[in-house]
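Chemist: this one's sequence-less:
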Ligand code: ZN
Ligand code: ZN
């Protein structure tokens, strides 16, 4: 591969707040992470607001920003990326939903939102509803993992500003989806289609052989599909169009894979990369190195730190950061002198709040001719005052492409 290359390594939810159990240090400050520190010492550092100061970022919106797409324009909901991530054809103007196979009784009261955590047979159930025609709209449905799936509505004049039909609680009846603004006829049409789709899914699924077999075994039938998270598929430039380089993604979660697929990046499957704390993240590192053979850019998302944050488990988070540090060391040892590494997080997931916060995250750029600053350690507070001071997620690709000499000049 000609030219300079770049890796953006996003440690999901790695940043944190001071934890009393860790003596007032953050998990990153408490972790033994010599490689990250070396990268910071040899790099140009700073703090980053993934979206903007104080904004609590989701992983999806943050990854869009880090890839240089304004999330306020490109993000309309999780549905389109979810659908793209499982290999569905999603076109501009489609309205897409995330879905659950669920269980209802004959009065349409929810008995289980995950259909007894169904694991098998959902491909047959999906085939029974896929391609359904309602008015002038075609409903494409595909199963994902376990009880999950995605729905893509394709037809003229659809909107996505609709309320969920899923009551999100067992024992409640299915709600009627409505347009949030009653005068929004496009969204009203989507709501009408969705309400019919849900009822038809029940009619088509309730007596299916898969469900008869489940009931015979005393399991919850997956007898209805409940969509949520509507989004209009946005029109975005592909990654290759935008940057004139081929991008690959080494990621563990369907959501981030969906974003990468949507942007036309090559998603590289890594056996053993399971998104958990025991994920084979070293194999992900090796996959990055290999991907650099035929891609100029590789995005990697390692999920575990976010999991530990949501679990409120400071010890687990420290240990996982130490595992990531081994991957960072391996990357630094194995990439050529032509490769940049940007090491960051997509948001903080503080163990004290068990959810994403709007705190800043550390960022370090490492590679040929970066203007090394005085930062000595890679953590939330040590990077303050580094050469990049305080940047936003949408700045990362600008900073990298100017280092890589691939950016067009603005002006004469
Ligand atoms: Zn995240
Ligand atoms: Zn999270």
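Modeler: That came through, no problem. In this text, all values refer to a predicted model and were calculated from it rather than measured experimentally. Ligands and ions are numbered 1, 2, ... in the order given.

Chemist: show the end-to-end separation of stretch 216-227, please.
Modeler: The separation between the terminal residues of stretch 216-227, taken as CA to CA, to the nearest Å, is 27 Å.

Chemist: would you mind giving the secondary structure of residue 89?
Modeler: Remark: residue 89 carries the secondary structure label coil [criterion: DSSP: H, G, I helix; E, B strand; the rest coil].

Chemist: residues contacting it?
Modeler: Residue 89 makes contact with 140, 152, according to CB atoms under 8 Å, 6 or more residues apart in numbering. In short, each C-beta sits where N, CA and C put it, glycine included.

Chemist: would you say residue 61 is within a strand?
Modeler: No: the secondary structure assignment for residue 61 gives helix rather than a strand, going by three-state DSSP.

Chemist: show me what contacts it?
Modeler: Contacts were defined as CB under 8 Å, 6+ apart; by that measure residue 61 touches 50, 51, 71, 75.

Chemist: so what's the closest residue to ligand 1 within the chain closest to, chain neighbours aside?
Modeler: Nearest residue of the chain to ligand 1 (CB to the ion) works out as residue 59 at 2.9 Å. Beyond its immediate neighbours in the sequence, the residue positioned closest to residue 59 (CB to CB, 6 or more residues apart in numbering) is residue 346, lying 5.4 Å away.

Chemist: got phi/psi on the one you found?
Modeler: Reported as degrees, to the nearest 10, the phi and psi values for residue 346 are phi -80, psi -10.

Chemist: correct me if wrong: it contacts residue 57.
Modeler: Yes: with the criterion set as CB atoms under 8 Å, residue 346 and residue 57 qualify as a contacting pair; they are 6.5 Å apart.

Chemist: which one of the two has more residues nearby?
Modeler: When residue 346 and residue 57 are compared on other CB atoms under 10 Å, the one with more neighbours turns out to be residue 346, at 30 against 25.

Chemist: sorry, back to before: anything in contact with each of residue 346 and residue 57?
Modeler: Contact criterion CB under 8 Å, 6+ apart; residues shared by residue 346 and residue 57: 50, 393.

Chemist: measure the spatially most central residue of the chain to residue 309 for me?
Modeler: Against the mean C-alpha coordinate of the chain, by CA atoms, centre = their mean, the closest residue is residue 256 at 3.1 Å. Computed as CB to CB, to the nearest Å, the residue 256 to residue 309 distance reads 16 Å.

Chemist: with residue 73 instead?
Modeler: 28 Å.

Chemist: between the two, which one's more packed in?
Modeler: Regarding residue 73 and residue 309, a neighbour count based on other CB under 10 Å identifies residue 309 as having more, with 30 against 11.

Chemist: quick check: that one touching residue 16?
Modeler: Yes: applying CB under 8 Å, one finds residue 309 in contact with residue 16, separated by 6.8 Å.

Chemist: please enumerate the helices of the stretch 101-250 of the chain.
Modeler: Residue ranges of the helices in the stretch 101-250 of the chain, as given by DSSP state H, counting those that start in this stretch, are 122-129, 185-205, 209-216, 239-243.

Chemist: backbone dihedrals for the spatially closest residue to residue 5 that is not a sequence neighbour, please?
Modeler: Nearest non-adjacent residue to residue 5, counting by CB to CB, 6+ apart: residue 339, 4.5 Å away. Taking degrees, to the nearest 10, you get phi -120, psi 130 for the backbone angles of residue 339.

Chemist: same question, residue 358
Modeler: Listed backbone geometry of residue 358 is phi -100, psi 20, with angles given as degrees, to the nearest 10.

Chemist: surely it touches residue 57?
Modeler: Yes: under the criterion of CB under 8 Å, residue 358 makes contact with residue 57 at 7.5 Å.

Chemist: contacts only, for the nearest residue to residue 321 once chain neighbours are set aside.
Modeler: When the adjacent residues along the chain are set aside, residue 321 lies closest to residue 31, with 4.1 Å between them (CB to CB, 6+ apart). With contact set as CB under 8 Å, 6+ apart, residue 31 has these partners: 318, 321, 322, 325.

Chemist: top of these by neighbour count?
Modeler: Among these, residue 321 has the most neighbours (other CB under 10 Å), with 26 neighbours.

Chemist: wait, it sits on residue 14?
Modeler: Yes: with contact taken as CB under 8 Å, residue 321 and residue 14 are classed as touching, separated by 6.4 Å.
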